[in-house]
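> Sequence plus the predicted model coming up.
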Amino acid sequence: MSSSSSIADGSQPLWNRSFILCVCNNLFLFIYYFALLTILPIYIMKDLGGTVKEAGLALTLFLISSIAIRPFSGLIVERLGKKFSFRGSELFFVLFAFSYLWIDSMWSLLLVRFLHGIWFSILTTVAVPVANDFIPEQRKGEGMGYFVMSTNLGVVFGPLLALTVVQFSSFQVLFGILCIIMCIGFVFCWLLDVKDTASTEQPPASLEQANRSTSKSLGLSWHDLIETKVIPVSLVALLTALAYSSIMSFITAYSESKNLLAYTSVFFVVFAVSMIAVRPWVGRLYDRRGPSSVIYPSLLFFAIGLAIVSFLSNQWVLWLSAVFIGIGYGSVFPCLQTVAIQSVSKQRMGHAISTFFTLFDLGMAIGSVLMGVLIAWYGYSLTYMLCALITLLTLVLYKLMVVPTLAKKKA
């Protein structure tokens with residue numbers, strides 16, 4: 001039996017060898033990403049003699065190049081194939097990881113950050129359809145939930161690793177350890193038997209599809225860059241990211257303003273534990289009763305968690321908010337991503353993911369700037385309450401834009 005046919009069989013176990021390799025590869029990638037994200041500002045100011053402004057520029061350049069290339073990522077995956085795109089982008093990502101060992105100036109770091117973001121964008125786009133191929137058809141919600149959970153675990157283990165190593169050793173040692181982590185992930189990548197979807201699987205069945213095929217010979221079209229079917233769910237992801245950016249960018253500063261910085265690392269641990277605790281039944285609920293059965297309560301939990309943060313007064317309130325945010329955001333994001341990839345054919349999956357992540361990344365980027373402005377104007381408490389209201393608005397947007405599409409597809 002071929003790999004692809006066995007995967008399609010619903011009787012196949014979720015935790016097969018290939019899926020485990022995909023999860024481990026993704027986990028190592030995001031441990032690297034969040035470790036670097038945490039430590040770079042300190043490295044720039046201490047070792048390179050840079051300023052806070054330059055540290056922000058280094059982080060922003062990575063995001064700018066990643067967002068800029070994201071709409072083209074789906075096209076790259078379609079034209080080059082999943083196997084070549086996956087292994088090629090990971091190879092270049094690993095090579096640029098080694099370049100941090102030889103950086104000796106601020107300009108060289110900025111250049112590396114900009115180029116590194118390009119390969120990160122392609123790699124994270126192609127990794128999703130690759131993992132999806134190894135998930136049994138009847139367990140897509142559960143499987144993608146675990147896959148995305150590996151990203152969220154990177155939020156916990158990445159900063160923890162970086163801060164621990166730097167505390168007892170040097171930045172160069174940390175960069176070396178991170179290179180080893182990426183090399184192990186690269187081995188996982190090569191052990192995967194990635195299959196490219198045959199172009200004859202779904203031949204053009206309409207004049208519109210024929211016109212799209214013809215347009216490829218004439219140059220790029222909107223269809224080559226954007227998958228319109230996933231724009232509604234991607235807009236929901238954008239607003240979710242907008243609210244979540246307040247946690248990623250400012251929860252540490254907020255905790256410090258309340259003299260609770262020592263308890264912030266526990267916040268991320270509680271976040272991860274809460275997310276892992278509900279993951280098994282959340283995925284099964286998605287597969288049995290549909291995405292709305294998970295997304296509605298998840299957005300509500302996320303909103304409650306943000307509201308709790310706005311009343312931050314001691315470590316117990318901080319940790320309680322982590323429980324709700326871990327359950328809420330930790331459940332809703334993989335569900336939204338699964339809705340996106342289930343909305344299109346396998347040939348368009350790369351485009352769907354690139355569209356989804358383009359809007360999600362925009363939400364994170366805009367949110368980081370917007371939340372900083374709101375905090376400067378109105379303070380932390382009011383800003384987090386506003387994020388809770390944005391999340392409730394997201395719930396309404398999901399009901400109005402995504403639910404009718406799901407109902408139409410089901411019918």
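In hand now; what should we look at? Bear in mind the structure is a predicted one, so any value in this text is a computation, not a measurement. Residues are numbered from 1 along each chain as shown.
> the domain parsing of the chain - what is it?
14-194, 228-411 (automatic domain parsing).
> Pipe these into JSON lines and attach mean neighbour count and mean pLDDT per row.
Every C-beta, even on glycine, is put in place using the N, C-alpha and C of the backbone. Compiled in JSON lines, those are given as follows (neighbours: other C-beta atoms under 10 Å; pLDDT from 0 to 100):
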{"stretch": "domain 14-194", "mean neighbour count": "19", "mean pLDDT": "88"}
{"stretch": "domain 228-411", "mean neighbour count": "20", "mean pLDDT": "88"}
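> Could you report the separation of residue 336 from residue 67?
18 Å (C-beta to C-beta, to the nearest Å).
> and what of residue 310?
Plainly put, residue 310 is 29 Å away from residue 67 if you go by C-beta to C-beta.
> Verify the stated contact: residue 251 with residue 267.
Yes. At 6.7 Å, residue 251 counts as touching residue 267 under the criterion of C-beta atoms under 8 Å.
> With adjacent residues omitted, what lies nearest to the residue positioned nearest the centre of the chain?
Among the residues of the chain, the one closest to the centroid is residue 151, at 6.4 Å (C-alpha atoms, centre = their mean). Once flanking residues are discounted, residue 151 sits nearest to residue 30: 4.9 Å by C-beta to C-beta, 6 or more residues apart in numbering.
> Please, which helix or strand holds that neighbour?
Element membership of residue 30, judged by DSSP states H and E, is helix 17-46.
> what's downstream of that helix, the next helix or strand?
Moving toward the C-terminus from helix 17-46, the next element (DSSP H and E) is helix 52-80.
> Which strands or helices does that next one pack on?
On a contact count with 3 or more C-beta pairs under 8 Å, 6 or more residues apart in numbering; DSSP states H and E, helix 52-80 meets helix 17-46, helix 82-99, helix 106-133, helix 222-225, helix 349-378.
> what about it, distance to the chain center?
13 Å (C-alpha atoms, centre = their mean, to the nearest Å).
> ok, now stretch 271-279?
Distance, centroid of stretch 271-279 to centroid of chain: 17 Å (C-alpha atoms, centre = their mean).
> now stretch 342-353
17 Å.
> for stretch 136-154, same thing?
12 Å.
> for stretch 253-270, same thing?
From the chain centre to the centre of stretch 253-270 is a distance of 23 Å (C-alpha atoms, centre = their mean).
> for stretch 30-42, same thing?
That offset, for stretch 30-42, works out to 15 Å (C-alpha atoms, centre = their mean).
> Stretch 35-45 now?
Averaging C-alpha positions (C-alpha atoms, centre = their mean) puts stretch 35-45 20 Å from its chain's average.
> Equivalent analysis for stretch 66-84, please.
With C-alpha atoms, centre = their mean as the basis, stretch 66-84 stands 16 Å off its chain's centre.
> got the CA coordinates for that stretch in PDB?
Provided in PDB are the C-alpha atoms of stretch 66-84 (Å, rounded to 0.1, in the frame of the first residue of the first chain):
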ATOM      1  CA  SER A  66       8.300  37.100   5.900                       C
ATOM      2  CA  ILE A  67       5.000  38.900   5.200                       C
ATOM      3  CA  ALA A  68       6.300  40.200   1.900                       C
ATOM      4  CA  ILE A  69       7.100  36.700   0.600                       C
ATOM      5  CA  ARG A  70       4.100  35.000   2.200                       C
ATOM      6  CA  PRO A  71       1.600  35.600  -0.700                       C
ATOM      7  CA  PHE A  72       4.100  34.000  -3.100                       C
ATOM      8  CA  SER A  73       4.800  31.000  -0.900                       C
ATOM      9  CA  GLY A  74       1.800  29.100  -2.100                       C
ATOM     10  CA  LEU A  75       2.800  29.700  -5.700                       C
ATOM     11  CA  ILE A  76       6.400  28.500  -4.900                       C
ATOM     12  CA  VAL A  77       5.100  25.300  -3.300                       C
ATOM     13  CA  GLU A  78       2.700  24.700  -6.200                       C
ATOM     14  CA  ARG A  79       5.400  25.200  -8.900                       C
ATOM     15  CA  LEU A  80       8.400  23.500  -7.100                       C
ATOM     16  CA  GLY A  81       6.400  20.800  -5.300                       C
ATOM     17  CA  LYS A  82       6.100  20.100  -1.600                       C
ATOM     18  CA  LYS A  83       9.200  17.900  -1.300                       C
ATOM     19  CA  PHE A  84      11.600  20.400  -3.000                       C
END
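> Name the residues that touch that stretch?
With contact meaning C-beta atoms under 8 Å, 6 or more residues apart in numbering, stretch 66-84 is reached by 85, 88, 117-118, 120-122, 125-126, 129-130, 133, 194-197, 220, 224-227, 347-348, 350-355, 357-358, 361-362, 365.
> swap the cut-off to 6 Å and go again
Defining contact as C-beta atoms under 6 Å, 6 or more residues apart in numbering, one finds that stretch 66-84 is touched by 85, 117-118, 120-122, 125-126, 130, 194, 196, 224-225, 350-351, 354, 357-358, 361.
> What of stretch 319-337?
144-145, 148, 152, 233, 237, 244, 267, 270-271, 274-275, 278, 282, 286, 291, 294-295, 298-299, 301-302, 304-305, 308-309.
> taking these one by one, which sit in strands?
In strands, judged by DSSP state E, none of the contacts of stretch 319-337 are found.
> which ones are touching residue 298?
328, 331, 332.
> how near is the nearest residue to the last one once chain neighbours are set aside to residue 309?
Spatial nearest neighbour of residue 332, excluding adjacent residues (C-beta to C-beta, 6+ apart): residue 298 at 3.8 Å. When distance is defined by C-beta to C-beta, residue 298 is 17 Å away from residue 309.
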